[in-house]
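**Student:** pasting the structure only:
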Ligand SMILES: O=C(O)C1=C[C@@H](OP(=O)(O)O)[C@@H](O)[C@H](O)C1
Ligand SMILES: C=C(OP(=O)(O)O)C(=O)O
């Protein structure tokens, strides 16, 4: 296995430019593919997750042209994928797997959707159950409730409200919202029970609107897609920098100096921009521009007790910051961590203990108390989870060397992460 030793560092200073947002990139690719007209997408993220979406769209017969670095011209298929049969390998990309499942369930073809072994352990039942209410034919090929899936042609009927649960992943509601305009009929979605990760629904609605579909809503309870609506290309669209990827650099600035991230700012449509406010509760100074966030160290950090349901990905960065803060940090309402790239609550607890922290795990929360001195030369396992690798790089800023196992797992969303991290640390 590859290992990356990170030297002890005491300072983080400088400016970095973020790669494109994963959430915006994969939504934009799918919406452009489903649109009428040609869309030029600029600043698209170049990573494993977007590569899986691009490959899938190509297999479905969508014309995709790479016209410059991170720029793609997508010729939309006006809601009707040319290929009615395809075998799609979607890796571990939730933002490809869930939305494509819904879009293909309404596409009158035979489609086989599968991924890496971990993807086959990530639940999808709540989405499939919702799609079946609309008449879709979706079969589980291995374990009930999990990928791989086989989708077959079906007669659809969306005249009755479709009920969907959103307490395991918001990606199910995102998927249903983006797919329903393909039916051409008016449709109503009712959310059953609690909806988690709500800001991701805002990203979905915002991008659907830019592609010409306006969803009416009653809070987080119900959503209404009008009849005879279809996606129209906006012409050109720019992808914001990734706000979740920004979290590691914002944390670095607060922990050890003065770091500016370019690519996201105060007007970002990504909920993870609120990580900056959460991190500031521990200490440090944050300032924003339209296209940047600056994070500066001000003094000692204090522990926090925070509901992190709105920032599930960036909250992992707070967990590692906690070992730099005085007191016990508690991050709550993060049950979804258990069904992501790995069981992130268990993984985080195991690896934080290696650097000396005292960690208590709950079903949906984690409590972290720092050691008096961080352990030097800890060897961190990353569980094929890009965020474990990126978060734990921050340990080096305590002035202790740390080794990251399998560092290339960052390719899921940020292939150049360690190179960029090295440019700001000393
Ligand atoms: O819709 C999205 O783009 C995402 C939603 C979140 O998932 P959950 O809704 O499963 O929390 C997040 O963790 C994931 O990285 C991206
Ligand atoms: C949970 C994540 O990914 P996915 O889009 O596969 O759900 C993540 O990037 O942290």
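**Tutor:** Nice, I can see it. Since we're looking at a predicted model, the values are computed, not measured. Ligands and ions are numbered 1, 2, ... in the order given.
**Student:** hang on, residue 258 is in a strand, isn't it?
**Tutor:** Yes: the assignment for residue 258 (DSSP: H, G, I helix; E, B strand; the rest coil) places it in a strand.
**Student:** number of nearby residues for residue 68?
**Tutor:** 9 (other C-beta atoms under 10 Å). Where C-beta positions appear, they are placed from N, C-alpha and C, glycine not excepted.
**Student:** Could you report the pLDDT at it?
**Tutor:** According to the prediction, residue 68 has pLDDT 98.
**Student:** what's the spacing between it and residue 43?
**Tutor:** Distance, residue 68 to residue 43, using C-beta to C-beta, to the nearest Å: 10 Å.
**Student:** for this structure, what's the longest strand?
**Tutor:** strand 187-195 (DSSP state E).
**Student:** How about residues contacting the helix or strand where residue 389 lies?
**Tutor:** Under the criterion of DSSP states H and E, residue 389 resides in helix 386-392. Helix 386-392 is contacted by residues 244-245, 248, 313, 316-317, 319-320, 341-342, 344, 347-348, 351, 380-382, 402, 404, 406-407, 409-414, 417, 421 when judged by C-beta atoms under 8 Å, 6 or more residues apart in numbering.
**Student:** What residues does the stretch 201-350 of the chain have near ligand 2?
**Tutor:** 313, 340, 341 (C-beta under 6 Å from any ligand atom).
**Student:** Same list, these, but only the ones touching ligand 1.
**Tutor:** Among these, ligand 1 is touched by residue 313 when using C-beta under 6 Å from any ligand atom.
**Student:** Leaving out the residues flanking it, which one is nearest to residue 389?
**Tutor:** residue 382 (4.4 Å; C-beta to C-beta, 6 or more residues apart in numbering).
**Student:** So what sits opposite residue 85 in the bridge?
**Tutor:** residue 110 (DSSP bridges).
**Student:** Make sure it is actually in contact with residue 107.
**Tutor:** No: counting by C-beta atoms under 8 Å, residue 85 does not reach residue 107; the two are 10.7 Å apart.
**Student:** These two: which has the busier surroundings?
**Tutor:** The neighbour count for residue 85 versus residue 107, taken as other C-beta under 10 Å, is higher for residue 107 (25 against 10).
**Student:** Tell me if I'm right that that one and residue 80 touch.
**Tutor:** Yes: if you go by C-beta under 8 Å, residue 107 and residue 80 touch, sitting 7.4 Å apart.
**Student:** coming back round to it: helix, strand, or coil at the residue nearest to residue 389?
**Tutor:** Residue 382 ends up coil, using three-state DSSP.
**Student:** From here on, call the first residue 335.
**Tutor:** Okay, residue one is now 335; in that scheme the one you just asked about reads as residue 716.
**Student:** how far away is it from ligand 1?
**Tutor:** Taking C-beta to the nearest ligand atom, to the nearest Å as the measure, residue 716 falls 16 Å from ligand 1.
**Student:** residues in contact with that residue?
**Tutor:** 722, 723, 726, 738, 739, 740, 741, 743.
**Student:** Ligand 1: which of those residues is nearest?
**Tutor:** residue 722 (13.6 Å; C-beta to the nearest ligand atom).
**Student:** separation between that closest one and residue 743?
**Tutor:** For residue 722, the distance to residue 743 - C-beta to C-beta - is 8 Å.
**Student:** of these two, who's got more company?
**Tutor:** A direct count of neighbours by other C-beta under 10 Å for residue 722 and residue 743 places residue 722 higher, at 26 against 23.
**Student:** Next one, pLDDT for the more buried one please.
**Tutor:** pLDDT, read off for residue 722, is 99.
**Student:** hang on, isn't residue 497 packed against residue 510?
**Tutor:** No: counting by C-beta under 8 Å, residue 497 does not reach residue 510; the two are 10.3 Å apart.
**Student:** anything in contact with each of these two?
**Tutor:** 464, 523.
**Student:** Ligand 2 contacts on the stretch 385-534 of the chain?
**Tutor:** 426, 427, 428, 429.
**Student:** Closest to ligand 2 out of these?
**Tutor:** residue 428 (2.7 Å).
**Student:** so where do the strands sit in the stretch 585-734 of the chain?
**Tutor:** Here the stretch 585-734 of the chain has its strands, by DSSP state E, counting those that start in this stretch, at 591-596, 619-622, 626-630, 635-636, 639-641, 659-660, 663-666, 692-695, 699-703, 712-714.
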